[in-house]
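Enquirer: next one to model:
(2 chains)
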Amino acid sequence: MTTQDQVLPDSVKGRSLWDDAFRRFKANRAAMISLIVLVFVAAFAIFGNYLTQWDYETVDWFALEDVEFYGKPAMTHPNEYAAEIGTAPHYFGTDSDGRDLLARLVQGSRISLMVGLMGALVAVVIGTIYGAVSGYMGGKVDSLMMRAVEILMSFPFMFLVIVLMAIFGRNVLLIFIAIGAVSWLDMARIVRGQTLSLKNKEFVEAAIAQGVRTPVIIMRHIVPNVLGVVVVYATLLVPQMILFESFISFLGLGVSEPQTSWGALISAGADSMRITPWQLIFPLLALTITLFCFNFVGDGLRDALDPKNKK
Amino acid sequence: MSSIKKIALSMAVAGTATFAISAASAATIVIGNGAEPASIDPGKIEGQPGGMVAYQLFEGLTALNSEGEVIPGAAESWTATENNTVWTFELRDGLKWSNGEDVTAADFEYAWKRVVSPELASPYSWYMSKAAQIKNAQEAIDGTVEPSMLGVTAVDEDTLRVELKQSVPYFPSVAAHYTMYPVPQEVIEEHGDMWTRPGNMVSNGAYKLDAWTLNEKMDLVRNTNYWDNANVALDGVTFLPIEDENSELARFEAGEIHVTATVPNAQIPRLKREFADEFTIYPNLAVYYYEFNTEEPPFDDRRVRKALSLAIDREVIVRAVTKGGQTPAYTFVPTFVAGFEAPTVAESSLNQIERDRMAIELLAEAGFGKDNPLEVDFLYNTSEFHRSVAVAISQMWKQKLGVEMNLQNQEWKTFLETKKAGGFDVARAGWGGDYNEASTFLDLLRTGHGNNDSNFSNAEYDRLLVEAARAENANEYYTKAEAIISEEAPLAPIFYYTRTRMISENVQGWPVGNAQDVVYVKDLSLQ
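Expert: Sure, this is the predicted structure:
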């Protein structure tokens, strides 16, 4: 075997599924641009606080005097006296409490992106393993595990969040837990379906014939083969989670003051959009751009990883 | 000939029809009521939306004029004897319920005894004992005596005699409250809880209930049996229970509402510019304050409480945050309360820089400073308004005193329970006066009062209140009691509320001088 490998010329070397996928993904312009934009969004969330001298909780008393005029987005502080004594300007304006909107948007991006990524991560880890085990084991185990998922799915989710908030009080961690607790359900179903079609394939039978133990078969042979679907679904899950957090915050159950999130910022901005439109526009832009990009990247990945697509 | 006649006739009919519609709509005022009242039974009402409806449907012994002073209502005159502990009210002649029955002193007797009966479990039953101080009221509420033992008797059809357990010189102003309105015994006994439904409801005020669609609107029409009906200008009132301030304002701007319940805070600067004549601000007999949990260390130390109170720049709060024309509050009792003379307190006599310096010193004495920051768990009920105030104050405390504040908001009912259970360091609170007298505020800090959530207890303070109730001039004692509040700082008054409404230019006679916001539509007119 080894000698044969050595004599094979480079040109004949096979292309792996992943190589193909990567090539196809690169050819998808919308997905590539989206990916670059997402990198910028992530950079904004991580390093954005260096763009302004303000932090997300300090009230600018000058701006607070009249947010409609002194809280406007500007390159120099609109309040002449404040500008004279060297008060830093607010490039994105201030919120209605006189706090720098840019700094708050950075802080909100961190929370929202974290919620999105954490939700997707929990879904990938728990959902994949749960679905693969359920699908591969089949029979009674499969029935029991899937009924459990159905019970959890039928549980009114908002109710769960409200109960959690009422018992443990406001906490960002709780939002992660609540979102993570439900996000993996769909994933488990999808992975189980994929597993069912995989488990009768020849390579699995070969593994069984060689006496490989069940956990190893699941981890080594089933899971890697469903990853394509999982990755696609995960990218689509991220915006879903972000929207979800926005929804919770919009209802006033999300992050607590002085922290914020995109949803909380949009909710506050919508209240006063007639007089201070920038408070709505900036967070809305951030949310919309991110959601679009994640969806394009998800689309691109789906096309790229589709084995029937042999362009 | 006949065809001409027909045309003339049809024109005449059409003409009257149009005229009738425009006349009817012109004489009905549409008022935003903020929320759907939980009940419109005078014995069960709590809160402004229910009160607003009751003011129109019923008439008590006394009423309040546009300045908040007592005027005769259903009673024509009254006399006090035995050092203000026995009051006798003479009813007007010819008072009728909306079903044509006579209103008699017995209706008042029935209504008041009903309020203290444990079966009704009225949320305002305390009013009969704590505010009105009627004999046996507390005992009847507790169930130790029958409600029939309450110190109120109909001597004859037109005379009502009230016995109090202690002197209440301001009893007539107490009697104007909706809890003390008469109710029709026969109707209640016939329909039970359903007596407040349209069709069943009988009332004695200038208006009667015509239709009520839950969460949509409530229509009141002229009560032709009302004694002063000839002087009532408007034929009807429509109350809209719109909770969302922004949509209420939009409907006002579209001309669908004459008077709104309130206005959104963020819109005030714009409304001041664009609706200078319609936007109305007037004082409200209510105070907005932060209370400290005086049993929780380190807030059991008066220096900590006082320092936090001093560091709040109330001028900035009312000018830049609340923006509704509120007055900064340095005493718990609003300074405009009838007869009350505020003591001189550190908060009001110093300027903010001096106050801040004093606050830093006091907090340092108590062992806190920027190197050893005080941590505060702050609790407020979910509302954009309260959040804005809390954000500003937390920043003042942080920037001046290095206080780390953890803001937590809860929905109203949970919030009240958490406060009762003492699960806070500092909490947002507000208190509206039930009558125009300082004791309606000061009573709140009495040891063991049901709403004394800061669990403040001070023997000298309790003694002053007891003596005030017996004294000829109670206000001297109120001033001393207020001085104790300032010294001990169980709470930090922040501002006195104002009421902000959009009032259409067509509406004449809105009582902007009445700090309790008691509005009788019968005194209004539309142009």
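Enquirer: tell me what the residue nearest to the spatial centre of chain B is bridged to.
Expert: Centroid check for chain B by CA atoms, centre = their mean gives B:Gly432 as the closest residue, at 5.2 Å. Counting by DSSP bridges, B:Gly432 is bridged to B:Ala286.
Enquirer: how about it, what does it touch?
Expert: By CB atoms under 8 Å, 6 or more residues apart in numbering or on different chains, the residues touching B:Gly432 are B:Asn284, B:Leu285, B:Ala286, B:Tyr497, B:Gln516. Heads up, the C-betas are built off the backbone N, CA and C, glycines and all.
Enquirer: what about the last one, neighbour count?
Expert: Same thing as B:Gln516. Using other CB atoms under 10 Å in any protein chain shown, B:Gln516 is surrounded by 22 other residues.
Enquirer: ok, the second one next?
Expert: Using other CB under 10 Å as the criterion, B:Leu285 is surrounded by 26 other residues.
Enquirer: quick one: the residue nearest to the centre of chain B and chain A, what's the gap?
Expert: Taking CB to the nearest CB, to the nearest Å as the measure, B:Gly432 falls 25 Å from chain A.
Enquirer: B:Val519 too?
Expert: Noted for B:Val519: a distance of 28 Å to chain A, by CB to the nearest CB.
Enquirer: I figured that residue hits B:Gly509, correct?
Expert: No: B:Val519 sits out of contact with B:Gly509 when judged by CB atoms under 8 Å, with a separation of 9.6 Å.
Enquirer: between those two, who's got more neighbours?
Expert: Counted by other CB under 10 Å, B:Val519 and B:Gly509 do not tie: B:Val519 has more neighbours, with 22 against 15.
Enquirer: element containing that one, please.
Expert: Assessed by DSSP states H and E, B:Val519 sits outside every helix and strand.
Enquirer: let me see the contact set for it.
Expert: Shown in contact with B:Val519 (CB under 8 Å, 6+ apart): B:Met52, B:Tyr55, B:Trp510, B:Pro511.
Enquirer: so how far is B:Ala206 from it?
Expert: Taking CB to CB, to the nearest Å as the measure, B:Val519 falls 12 Å from B:Ala206.
Enquirer: give me the common contacts of those two.
Expert: Contacts common to B:Val519 and B:Ala206, judged by CB under 8 Å, 6+ apart, are absent.
Enquirer: number of nearby residues for whichever residue of the stretch 401-527 of chain B sits closest to chain A?
Expert: As assessed by CB to the nearest CB, chain A sits closest to B:Leu407 within the stretch 401-527 of chain B, at 4.2 Å. Using other CB under 10 Å, B:Leu407 has 20 neighbouring residues.
Enquirer: point out where the chain drops to low pLDDT.
Expert: This is for chain A. By pLDDT under 70, the low-scoring segments of chain A are A:1-14, A:17, A:166, A:169-170, A:250-252, A:306-311.
Enquirer: I was thinking of chain B, sorry if that wasn't clear
Expert: Within chain B, the segments meeting pLDDT under 70 span B:1-26, B:346-347.
Enquirer: isn't B:Gly205 right next to B:Leu57, touching?
Expert: Yes: applying CB under 8 Å, one finds B:Gly205 in contact with B:Leu57, separated by 4.8 Å.
Enquirer: what does chain B have sitting close to chain A?
Expert: Contact residues (CB under 8 Å from any CB of the partner chain) of chain B with chain A: B:246, B:264, B:266-267, B:269-270, B:316, B:319-321, B:382, B:384, B:387-388, B:390-392, B:394-395, B:399, B:407-409, B:414.
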